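Q: Structure here, sequence nowhere to be found:
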């Protein structure tokens, strides 16, 4: 027993070391990576300034396709942001022990994709200088204001949700960073001290943290569902063929969870490799996450069926034109690639145990995430090209749409921004919730200890039985 | 004069100061009298100005010299007035498809009136062909100024609004350019100012004051559309498309008066016109309650539009132009 306790301490020390190690090194490759991200962002910023000066006319959007890549990406990023809620909140609430090493990265993904997802519609505004009008003249009747309210709520909630479990880790970082030679180390010490909020690990503090976490876990789930529902309402509240659909709310939520959980797996793969966390993020984690993605993809496929098969059976005039264009027209290749390549094939791959191994699951998840992005585009753009009134005698640029370099550059800059924030976060803070992993180990040890204790007692009792044969039956029954 | 006085306000020469002031004062008075005399002498040759009676807007009668009168040019109304609308009116438009020969003079008149670039047709003449066996016809389409407008519902900042007189307008000084209204409008009526308005237009308009009723000067990054020309209505004139139509296709009027008038000045009873010609509204099933009515295209006296002509949808082959895209 004493020996095991010693092992426990050693193991916890190992966890702390493994988690905090990446925050100490800023290697050459990290610098190159951050440098190239900054370059992409600088170019995107230049393009955005160009757009600010000369109007949205510098994009490929015109009067029919008045929403394009920006709004599609907005929907996609908000979808990815559902990852954190799913993995963290749902697995927390169902007391899934294996969640412990992956909650932090999932919550971070939520926070960052929401941050940049929320920026996308502002980039898309014709008059960003008048954004204060949303507050001054805001109309609650507008679906756009629902978006503003719910995304801000979700952003605040997920920031708290990310920060709360960081508090004990910040205290750990604060206490471990003893030597502060460089200015940067001094800054880090200061930052950790501030962020730890005076955490001492007392019983009251733990109790409060657990209570707040429980409340947040319960609150964040309906908020997350509401966010993607009202994002879908921007489209579903119009009369347009293809958007005028009652299934859009759940369809978007399912699509968000499907792409978000695939995003979590990609995050797991990346951090496991980069920070050598193979010991913590094991094949079992990929197997279990793979099952979750499989279930979500099946729900998403089911909603896809409802979204397309029901109108396709009826082929009402206006909707029929849109569906013809999607099924066999100019968008058919993208549409069927999305349906088969990024929905059906992942279902088949993830249904096979071998498909949930590291490499196949990584490829599948990349396909799922990219497919989700293209699918958002296919929801936004083709509908705009199929209005009720025929498109006649208009400039050629109005009746087609493909994003141009400005839109691609600005979107790429936002994507680079997501990667940059994740990288900086990972370099400053532990990417696994140290105390949660420790807690998991503790629970595991307690279990082991309990098993051993029972075995020991059973052997002793067996000895007793042998010693007082014939008379000691009753106590054994009582114990059982 | 003032300069002189300023110079003389000097504590060293108080006496000269007063004397100078008196001197210059007299001089000015003398000059003024002389000036009035001279003006009288010269103006005698011209129109002396009859005395006329005028009625002020608040109902009072004044007698005044005709030379004092100026032609009344209404400036742009205030934003509050533009949002409220013209009291006790319900504007309505009737488009007689039987008479429209697709000449697009309505579009031209509208574009001239609103300094619009050629690709922006606030009133657009479509060539409609609903089914292979049915006859094609021309279909002028302005903004329908719906009574259940999908566009104003979704506006997050109340930049586009429905007025008491039925007109739907846009306040381009409030619009944030989110284009939610463009997505919501089922009739593709709205246009976005993707770039700065062209220089010619800016020069023509100069520094004209903006009002939602005029929709100009345009503002980059905001949405625009047909406004039923409320500034013309206030002057007792017809919207540009109505008076610009040589075929008397478009009727415009007040539903409260149950009367609509066309370009020739023929006023007819609205309810009778709709009753006799089986008037209808486009895409009634959408429930937007348009304020624009159509009279069916029967007994047409002009050649039917050739829907297979090239130049319809520019990026598509002419053969693809029919049926598929010609739905209503």
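A: It's in. Just so we're clear, the structure is a prediction, and the values are computed from it rather than from any experiment.
Q: Name the nearest residue to the residue of the stretch 101-250 of chain B found nearest chain A, ignoring sequence neighbours.
A: As assessed by C-beta to the nearest C-beta, chain A sits closest to residue B:177 within the stretch 101-250 of chain B, at 1.9 Å. The C-beta positions use only the backbone N, C-alpha and C, and glycine is treated the same way. Nearest residue to residue B:177, sequence neighbours excluded (C-beta to C-beta, 6 or more residues apart in numbering or on different chains): residue A:126, at 1.9 Å.
Q: circling back to that earlier point, now do the residue of the stretch 101-250 of chain B closest to chain A, the pLDDT please.
A: pLDDT recorded at residue B:177 is 95.
Q: tally of neighbours for it?
A: If you count neighbours by other C-beta atoms under 10 Å in any protein chain shown, residue B:177 ends up with 24.
Q: I'd like the distance between it and residue B:222.
A: Separation of residue B:177 from residue B:222 (C-beta to C-beta, to the nearest Å) stands at 6 Å.
Q: okay, and the common contacts of those two?
A: Residues touching both residue B:177 and residue B:222 by C-beta atoms under 8 Å, 6 or more residues apart in numbering or on different chains: A:126, A:127, B:192.
Q: Of the residues you listed, which is the most crowded?
A: Of all the shared contacts of residue B:177 and residue B:222, the most densely surrounded is residue B:192 (25 neighbours; neighbours counted as other C-beta under 10 Å).
Q: how about the helices in chain B?
A: For chain B, the helices defined by DSSP state H cover B:2-8, B:14-43, B:79-84, B:105-113, B:150-154, B:180-184, B:199-205, B:230-234, B:240-244, B:270-277.
Q: so the residue nearest to residue B:177 makes contact with residue B:181?
A: No: the pair residue A:126 / residue B:181 is not scored as a contact, 11.6 Å apart, by C-beta atoms under 8 Å.
Q: Now do the shared contacts for those two.
A: Jointly contacting residue A:126 and residue B:181 under the rule C-beta under 8 Å, 6+ apart are residue B:223.
Q: and the residue of chain A found nearest chain B, what does it touch?
A: Chain A approaches chain B most closely through residue A:126 (1.9 Å), counting by C-beta to the nearest C-beta. Contacts for residue A:126 (C-beta under 8 Å, 6+ apart) come out as A:55-56, B:175-179, B:192-193, B:220-223.
Q: and if we set it to 7 Å?
A: Listed by C-beta atoms under 7 Å, 6 or more residues apart in numbering or on different chains, the contact set of residue A:126 reads A:56, B:176, B:177, B:192, B:221, B:222.
Q: One more: residue A:130?
A: Contacts of residue A:130 by C-beta under 7 Å, 6+ apart are residue B:176.
Q: so what pLDDT did it get?
A: We have a pLDDT of 95 for residue A:130.
Q: how about the residues of the stretch 251-400 of chain A that lie near chain B?
A: Applying C-beta under 7 Å from any C-beta of the partner chain, we find that the stretch 251-400 of chain A lies next to chain B at A:317-318, A:321, A:387-396, A:399-400.
Q: from these, which ones fall inside helices?
A: Per DSSP H, helices hold the following members of these: A:317, A:318, A:321.
Q: Tell me, how many residues neighbour the second one?
A: By other C-beta under 10 Å, the residues close to residue A:318 number 21.
Q: And the last one, by the same measure?
A: One way to gauge burial is a neighbour count; for residue A:321, by other C-beta under 10 Å, it gives 24.
Q: My read is that it contacts residue A:387, right?
A: No: the criterion here is C-beta atoms under 7 Å, and residue A:321 misses it with residue A:387 at 9.7 Å.
Q: Quick check: buried residues in the strand or helix carrying residue A:369?
A: In this structure, residue A:369 sits in helix A:358-384 according to DSSP states H and E. Of all the residues in helix A:358-384, those buried under the rule 16 or more other C-beta atoms under 10 Å in any protein chain shown are A:358, A:360-362, A:364-365, A:367-384.
Q: cool, and stretch A:298-309?
A: Quick answer for stretch A:298-309 (16+ other C-beta under 10 Å): A:298, A:299, A:300, A:301, A:303, A:304, A:307, A:308.
Q: And those, which is closest to residue A:26?
A: Nearest to residue A:26 among the buried residues of stretch A:298-309 is residue A:300, at 39.6 Å by C-beta to C-beta.
Q: Return the backbone torsion pair for that closest one.
A: Dihedral angles of residue A:300 (phi, psi; degrees, to the nearest 10) stand at phi -60, psi -40.
Q: Grab the nearest non-local neighbour of residue B:271.
A: Going by C-beta to C-beta, 6+ apart, residue B:271 has residue B:258 as its nearest residue, at 5.5 Å.
Q: ok now do the one you found, which residues does it touch?
A: Neighbouring residues of residue B:258 by C-beta under 7 Å, 6+ apart: B:269, B:270, B:271.
Q: Got a quick ChimeraX command for the buried subset of these?
A: Typed into ChimeraX, the line below selects the buried ones among the contacts of residue B:258, using 16+ other C-beta under 10 Å:
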select /B:270
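Q: Between the contacts of residue B:258, which sits nearest chain A?
A: Scanning the contacts of residue B:258 for proximity to chain A, where the rule is C-beta to the nearest C-beta, the winner is residue B:270, at 24.9 Å.
Q: That closest one and residue B:261, how far apart?
A: Going from residue B:270 to residue B:261 by C-beta to C-beta gives 10 Å.
Q: Can you check which residues contact both of those two?
A: Shared contacts of residue B:270 and residue B:261 (C-beta under 7 Å, 6+ apart): residue B:253.
Q: Tell me, what's the model's pLDDT at residue 23?
A: Here I'm looking at chain A. At residue A:23, pLDDT is 68.
Q: please go with chain B instead
A: 50.
Q: pretty sure residue A:19 contacts residue A:435?
A: No: if you go by C-beta under 7 Å, residue A:19 and residue A:435 don't touch, sitting 9.9 Å apart.
Q: Point out where the chain drops to low pLDDT.
A: Went with chain A since none was named. A:1-6, A:22-25, A:468-480 (pLDDT under 70).
Q: try chain B instead
A: Along chain B, the model assigns pLDDT under 70 to residues B:1-49, B:57, B:69-75, B:308-328.
Q: No further questions, thank you.
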